[in-house]
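1. whatever this is, show me its structure:
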Amino acid sequence: MSKPLLRAALASALIVFAAGCQQQSETASAPAVAPVSAGPDAALLASIKLLKAGDFNGLMQNALPPAEYAKVKTDWNKDQEPVTDEDRAKFTATMTKLTAPDAETAIYTEIEPQLKAFDAQYQQQIPMYVAMGSSWLQGLVQQSKDMSDASKQQAVAAINTLGGWVTKTRFTDPDKIKQIVAITVKTARDLNLKTLDEARGLSYEQGMQKAQAAYGAVKQAFNVYGFSLDETFDSIKPEVVSNDGKTAKLKVSYTLLGTPLSGETEMVNVDGRWYGKDTIDKLKEKAAADAAGSAAAPVEQAASEAAKPAAQG
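-> Residues are numbered from 1 along each chain as shown. Next comes the predicted model:
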């Protein structure tokens, strides 16, 4: 779960919305992880503050039990997917283009005809596509068996709010695209990763620093289009609805692009600390699957060994 986090952050920064500078210096004090005595609402707020700051190390430390957090760090460079020479070449070519002298001008000149072609062919149809996409997403929400009626209403409201933002935002505006290109180039230079092998060889601590820089980039790019993630984070207010000491239900109110919304989330107490119920459930499912796999391995090995004499005969 640690490697995908870094890859997603870097990919978002360099390919989709990337942005320039790290929001905090490495020596800046990061928001504190919630103390052991903190209630479920305080634990949730601590995670929100860490996410706002891009402190992914602190976020995982706050969101995972100590043993799972330690495992993330220990397994950081394990089980990496193999890469090909083609992957390496593509990465090097992309980074070379992004970090070249005067890359901002060269990249914008390259993509400008594509932006004009998109505007000519699709710009007038954007509201129709947004309406179709919103309708599809709302259908998925309404069909969900895991969401309450209230949660469905809030999800639909959030979809409509985001759809309205997309409809009124011209993402191909030349001035904004130039800002995005400049942000992307600045980020690539700040990340200073010349080869794919170098990126994959980052230590846990290095990976968290790169992820923070990339995440700060994404937030800057959203700001270009009038979407402040920080304002959304600052608006979040959890309220404890019920708490029996083992499980707690929270109402979470927030403002998304000027629209007040709310939802519910559940927390569970594990060894005196509060964690998201979904996170703990997924960890239990993974542990059960791993245990089942470990139990099945000796049986499969024995069956394989028993089959060898028959095959040889």
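2. just give me the neighbour total for Leu44.
-> Residues lying near Leu44 (other C-beta atoms under 10 Å) number 25. For every residue, glycine as well, the C-beta is placed using N, CA and C.
3. what helix or strand does it sit in?
-> helix 40-53 (DSSP states H and E).
4. can you list contacts of that helix?
-> 23-24, 30-34, 38, 56, 58-59, 62-63, 212, 229-230, 233-234, 236, 238-240, 243, 248, 250, 252, 265, 267, 269, 273-276 (C-beta atoms under 8 Å, 6 or more residues apart in numbering).
5. how close does Leu137 sit to Gly163?
-> 9 Å (C-beta to C-beta, to the nearest Å).
6. mind listing which of the contacts of helix 40-53 are in helices?
-> Among these, the residues falling in helices (DSSP state H) are 56, 58-59, 62-63, 212, 229-230, 233-234.
7. tell me, how many residues neighbour Ala292?
-> 10.
8. roughly how far apart are it and Lys71?
-> Plainly put, Ala292 is 18 Å away from Lys71 if you go by C-beta to C-beta.
9. same check, this time on Leu98
-> 34 Å.
10. those two: who's more crowded?
-> Leu98 (20 against 15).
11. quick check: closest non-adjacent residue to that one.
-> Ala188 (3.6 Å; C-beta to C-beta, 6 or more residues apart in numbering).
12. surely the one you found meets Glu104?
-> No - in this structure, Ala188 is not within contact of Glu104 by C-beta atoms under 8 Å, at 11.0 Å.
13. compare those two (neighbour count), which wins?
-> More crowded of Ala188 and Glu104, by other C-beta under 10 Å: Ala188, with 24 against 18.
14. wait, is that one part of a helix?
-> Yes - the assignment for Ala188 by DSSP: H, G, I helix; E, B strand; the rest coil puts it in a helix.
15. pLDDT score for it?
-> The per-residue pLDDT reported for Ala188 equals 96.
16. report the separation between it and Ala213.
-> 10 Å.
17. show me where the chain has its helices.
-> For the chain, the helices defined by DSSP H cover 2-11, 40-53, 56-63, 66-74, 85-99, 103-122, 126-143, 149-168, 174-191, 196-200, 204-224, 229-235, 277-312.
18. any idea of the mean pLDDT in the third one?
-> Predicted confidence along helix 56-63 averages 95 (mean pLDDT).
19. figure out how far that helix is from the centre of its chain.
-> 13 Å (C-alpha atoms, centre = their mean, to the nearest Å).
20. now for that helix, which elements pack on it?
-> Applying 3 or more C-beta pairs under 8 Å, 6 or more residues apart in numbering; DSSP states H and E, one finds that helix 56-63 contacts helix 2-11, helix 40-53, helix 66-74, helix 204-224.
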